[in-house]
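Novice: My questions concern the predicted model and sequence given below.
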Amino acid sequence: MSEHWQPGISLEMLKLRAGLLQRIRAFMNARGILEVDTPVLGHAAVTDPNLHSFSTCFRHPAGTEVRTLYLGTSPEFAMKRLLAYGSGPIYQITHVFRDGESGRLHNPEFTMLEWYRTGYDEHALMDETGALLLELEFKSALRKKYGEVFQTATGLDPHCADTSLLQQAAREHGLVTVMDDRAGLLDFLFNRCVAESLGHEQPVFIHDYPACQCVLARLSDDDPPVARRFELFINGIEIANGFYELADAHEQRRRFEQDNRRRREMGLPESPIDERLLLALAHGLPDCAGVAVGVDRLLMVRQGCDELRHVMPFPIDHA
């Protein structure tokens, strides 16, 4: 363990970070988006097999109960409960936690901006995210469909290609483990062949993802259907992930259960499902779109830094 007590960034970077947060809040407040605060600890964990929650124990002061609680990987579920309660458009800047994430672009604790717009679809929210980028002195953002950039890079149509063809392409690009999960194969190939080339001249939104990568997004009525989600890339780095939000409680439960089946197949522990979120969806989530933005990554690319640690006061090895 390092004996240094000082933060890992300069005072100038500390001020730049504060300035970025102030400008984000000013942007949201000017548009009438309410700032909210939701718990970091919760009774449910993320089910996505690609994300891993930290857990801790709550011991009741009477000594009658020990309960497992989870540090949030995102404030999404609690924010959707506020939306169902009638909050209207909301945003939050908060710390989130993801186990097993560390490196040039990752830290197990990081800062996330997340906001939801009632009455918006994914295209309207891309418009607003693009407006925020302009406010933060980025160039205007392009838009490209996932299928087009994927097929250009790999020669395969991600919406229709057989899983066997995706497996062969993944092996040719360095995949050494056996993988039969279509979403996982597409994710591997996209990260290996596409992502690093995106957003170097100007930011770019990638949208219309394959249906198997819908996560929490609605599916379109197209044939084949696509997931109504988008990601923002700048300098080859994913900065934001947005959705035209799924509002169907039964379909959301099915996806959670599907995630847990996949977790079992991968040898991972199942995650407790957020029943309170499902109750909120059953009560009625307003038509809305939401997006999560990695604030540390946004500052990193804005300042031309190479590593996340260069914009974080206390990355994990300084914490």
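Specialist: Alright, I've got the coordinates. Residues are numbered from 1 along each chain as shown.
Novice: Below-threshold pLDDT in the stretch 1-150 of the chain: ranges please.
Specialist: Along the stretch 1-150 of the chain, segments meeting pLDDT under 70 span 1-2.
Novice: which residues of this structure fall in helices?
Specialist: Ranges of helices in the chain, per DSSP state H, are 11-30, 76-85, 122-135, 146-154, 163-172, 182-193, 249-265, 275-284, 295-302.
Novice: Relative to R104, tell me which of these wins on proximity.
Specialist: helix 295-302 (9.6 Å; C-beta to C-beta). C-beta coordinates here come from the backbone N, C-alpha and C atoms, glycine included.
Novice: What is the distance between the closest one and the centre of its chain?
Specialist: 15 Å (C-alpha atoms, centre = their mean, to the nearest Å).
Novice: just stretch 16-35 next, same as before
Specialist: Offset of stretch 16-35 from its chain centre (C-alpha atoms, centre = their mean): 20 Å.
Novice: Only the buried residues of that stretch, if you could.
Specialist: R17, L20, I24, F27, M28, I33 (16 or more other C-beta atoms under 10 Å).
Novice: Residue most distant from the centroid, this protein?
Specialist: Distance from the centre of the chain peaks at A62, with 38.1 Å (C-alpha atoms, centre = their mean).
Novice: do you know how far that one is from P272?
Specialist: 23 Å (C-beta to C-beta, to the nearest Å).
Novice: now do R228
Specialist: Counting by C-beta to C-beta, the gap from R228 to P272 is 27 Å.
Novice: Neighbour count: the two, which is higher?
Specialist: R228 (24 against 16; other C-beta atoms under 10 Å).
Novice: tell me the contacts of the more buried one?
Specialist: D121, E122, D208, A217, R218, L219, S220, F243, Y244 (C-beta atoms under 8 Å, 6 or more residues apart in numbering).
Novice: would you turn those into TSV with neighbour count and distance to I9?
Specialist: TSV is the format used below for the contacts of R228 (neighbours: other C-beta atoms under 10 Å; distance: C-beta to C-beta, whole Å):
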residue	neighbour count	distance to I9
D121	16	38
E122	25	34
D208	21	38
A217	23	35
R218	21	40
L219	16	42
S220	16	43
F243	25	32
Y244	25	36
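Novice: Closest to P75 out of those?
Specialist: Looking across the contacts of R228 and measuring by C-beta to C-beta, the closest to P75 is F243, at 14.2 Å.
Novice: doesn't A217 make contact with that closest one?
Specialist: Yes - using C-beta atoms under 8 Å, F243 is in contact with A217, at 3.9 Å.
Novice: Kindly point out which residues are neighbours of both of those two.
Specialist: Common neighbours of F243 and A217, using C-beta under 8 Å, 6+ apart, are E122, R228, R229.
Novice: Does the last one touch C212 like I think?
Specialist: It stands for R229. No - contact between R229 and C212 fails when scored by C-beta under 8 Å: they sit 11.9 Å apart.
Novice: Neighbour count: the two, which is higher?
Specialist: Taking neighbours as other C-beta under 10 Å, R229 and C212 compare with R229 leading, 25 against 16.
Novice: List the beta-bridge partners for the more buried one.
Specialist: With DSSP bridges applied, R229 shows beta-bridge pairing to F243.
Novice: so what's it up against?
Specialist: Contacts for R229 (C-beta under 8 Å, 6+ apart) come out as E122, H207, Y209, Q213, C214, V215, A217, N241, G242, F243, Y244.
Novice: which non-adjacent residue is nearest the third one?
Specialist: The shortest distance from Y209 to any non-neighbouring residue, by C-beta to C-beta, 6 or more residues apart in numbering, is to A227 (4.2 Å).
Novice: Now do that neighbour, the pLDDT please.
Specialist: Predicted confidence (pLDDT) for A227: 97.
Novice: so how far is stretch 146-166 from its chain's centroid?
Specialist: 23 Å.
Novice: For that stretch, which outside residues touch it?
Specialist: 169, 180, 182, 185-186, 189-190, 193-194, 197-198, 206-211, 224, 226.
Novice: Please list only the buried members of these.
Specialist: The buried subset of these - by 16+ other C-beta under 10 Å - is 169, 182, 185-186, 189-190, 193-194, 198, 206-211, 226.
Novice: Closest one to H318 out of these, please.
Specialist: Scanning the buried ones among the contacts of stretch 146-166 for proximity to H318, where the rule is C-beta to C-beta, the winner is L198, at 30.6 Å.
Novice: State the distance from that closest one to L299.
Specialist: 19 Å.
Novice: Repeat that for R182.
Specialist: In terms of C-beta to C-beta, R182 sits 35 Å off from L299.
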